[in-house]
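Q: Pasting the sequence and the predicted coordinates here, then a few questions.
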Amino acid sequence: MAAAALKKGRAKPNRRAGGRTAARQVVTPTVVPMLSYEDGVAAMEWLSRAFGFREIARHTGPDGYESPKRHREHCDPARKWSTVPWIIDGVLVLLAIVVAAAASGVGAQTPRIETLGSFPWDGSTGSVLLQRVADDRLVVQLRVVASSETSAGRVQYRTFQTDAVEAWVLLDDGSALEQLPRQPPKGAPPVGLSNAGTLSAFVSFGFKTPPGPEMVAVVVSVDGRHHVYALPAKSGAERAASAGLRRAGAQQPSAEPVTPLITQPRLIRWPLSDGIQAVTLMDQQTFLKVDLAGQSVPEGRGAAPVAPSPDGLQVWVLRKDGTVVSRRSPMREAAWGSMGGWATRTRELTFAHATFQDLAGVIVRVNGNLLVREMPPPSR
C-alpha cells in the first residue's frame, strides 16, 4: 500500500532583512482527506499538477504501491477497516493532545491536561503536557511555537526536529512505562496547529500504565539536554512529603551538563551531591554496573567511611530509544575501598548489558532529588 500527505499551496520563501531567504517549517496537516485510489502514486502526481498540492510525506510498502482493493484481498486488517466509512474515503483529524471522554453518565468529566513545566528551545521555551486519557493510557506531549509574526509583520519560522526529542516515564522500582508509537514518528515533520497567526508544533508520546509501581517522574530530552519533572505519590501529599518529591508541575532545576571525572571506553564517573560523592557506570561486557560512592574519609584517623543510605535511593539507566535498561540485581553495600590514603564505602547494583553509545544517561534519586548525568559525546 501507499499513503501520502499532501498540503494545498506551494511553499513561499520568507524574505528576511538583508535579502536572505529562509525556508518555511514543514508540518503535518491537522486535517487530511483519506481518499483511496486505484493508482495512488499517479493520483498524487495529478493532484500536485492540477491543484498545486505539494507532497510532504510518502509511505510505500516493500513491493511498491498496491491499491486498497488489491491489498484487502490478502490482508485481514485492511478488510476490516474497509467495512466502515470513516477510515477509507474519510477524513483524518489530528488533535493537539488526545482528549478522551470519561465513562458515559451524568457528571462525566474530560481528563485534565496538566502542564508539568517548560524547557529551553531555540531562544524561547517549550512546554511539557501530561494527560491520563484512560485507566491504562497516559500521554506526554512536547509543544513549541514554530512560527509567529514579528513586530515588523514578518513571519519567523523555526524547525522542531522530531528525531531530537525523547520521553520517559520513570517508575519507583527503577523501571519505566512502556512507550507506545509516538505521533508523529521519529524524523517525520511535527504536527502543527495554527491559531491567530501562531503555529505550534508538537510531538506526543503515549505510554501504557498497567497496575504496579508508582510513577516517579517524566523525563524529556530535547536536542541532547535532559529535563526532569517530578510527579506526586499516588497516596497523597503526606507520602509525597515523606519521600521528598515535589508536587507535579514543579520542575527540577535544569543545570548545565556535568563534566565526568573519568571517561574511558568502559567506565564513566560523574561527581554527584546529596551525600553521594560520585556515580560510576561500568561496562562489564555481559552486564552494566553502577557504583554510588559515599563520602571518603582519611584512613587511620578513627573515622569509618559510610555508604550512601538506601532510603529512597534509586537509579535509572536511560536508553536513547525511550526505554530504560532492566535491573539485574538489587542494590547492595559493597566492600570497603581504599585509594591514596582515603577510604570509601559504596552501594552497587547491576543492569542488563547495553553499549554506551545506546545510552542517554543515568538518573539518581537521592534525598528526594532527581539528579541527571548525561552520557558524554562519543570521542572522535
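A: Here it is on my side, so go on. Residues are numbered from 1 along each chain as shown.
Q: who touches Lys186 in this structure?
A: Residues counted as contacts of Lys186 (Cβ atoms under 8 Å, 6 or more residues apart in numbering) are Thr162, Asp163. Quick note: C-beta positions are derived from backbone N, CA and C, even for glycine.
Q: Look up how far Lys320 lies from it.
A: 11 Å (Cβ to Cβ, to the nearest Å).
Q: again, but for Leu199
A: 28 Å.
Q: Neighbour count: the two, which is higher?
A: Neighbours per residue, other Cβ atoms under 10 Å: of Leu199 and Lys320, the larger number sits with Leu199, 20 against 14.
Q: and the most centrally placed residue in the chain, which of the three is it?
A: For the chain, the residue lying nearest the average C-alpha position, counting by Cα atoms, centre = their mean, turns out to be Ala167 (1.5 Å). Per DSSP: H, G, I helix; E, B strand; the rest coil, the secondary structure class of Ala167 is strand.
Q: you'd agree it is up against Val219?
A: Yes: Ala167 lies in contact with Val219 (Cβ atoms under 8 Å); the separation is 7.0 Å.
Q: The helix of greatest length in the chain - what's its average pLDDT?
A: The longest helix of the chain (DSSP state H) is helix 40-51. Averaged across helix 40-51, pLDDT comes to 86.
Q: in that helix, what counts as buried?
A: For helix 40-51, burial by neighbour count (16 or more other Cβ atoms under 10 Å) applies to Gly40, Ala43, Met44, Leu47.
Q: Check stretch 317-327 too.
A: Counting neighbours by 16+ other Cβ under 10 Å, stretch 317-327 gives Val317, Leu318, Arg319, Gly322, Thr323, Val324, Val325, Arg327 as buried.
Q: how long is that stretch end to end?
A: This stretch, stretch 317-327, spans 9 Å end to end (Cα to Cα, to the nearest Å).
Q: ok now that stretch, how far from the chain's centre?
A: Put simply, stretch 317-327 sits 12 Å off its chain's centre (Cα atoms, centre = their mean, to the nearest Å).
Q: what residue ranges in the stretch 251-380 of the chain are flagged as low confidence?
A: For the stretch 251-380 of the chain, the stretches flagged by pLDDT under 70 are 251-256, 379-380.
Q: Recalculate using a threshold of 50.
A: 251-253 (pLDDT under 50).
Q: Put the alpha carbons of the longest helix of the chain into PDB.
A: Presented in PDB, the C-alpha positions along helix 40-51 are these (Å, rounded to 0.1, in the frame of the first residue of the first chain):
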ATOM      1  CA  GLY A  40      -2.200   6.200  -5.600                       C
ATOM      2  CA  VAL A  41       1.200   7.400  -6.900                       C
ATOM      3  CA  ALA A  42      -0.300   8.600 -10.200                       C
ATOM      4  CA  ALA A  43      -3.100  10.300  -8.200                       C
ATOM      5  CA  MET A  44      -0.600  12.200  -6.000                       C
ATOM      6  CA  GLU A  45       1.200  13.400  -9.100                       C
ATOM      7  CA  TRP A  46      -2.000  14.500 -10.700                       C
ATOM      8  CA  LEU A  47      -3.200  16.300  -7.600                       C
ATOM      9  CA  SER A  48       0.100  18.200  -7.500                       C
ATOM     10  CA  ARG A  49      -0.100  19.300 -11.100                       C
ATOM     11  CA  ALA A  50      -3.800  20.100 -11.200                       C
ATOM     12  CA  PHE A  51      -4.400  21.800  -7.900                       C
END
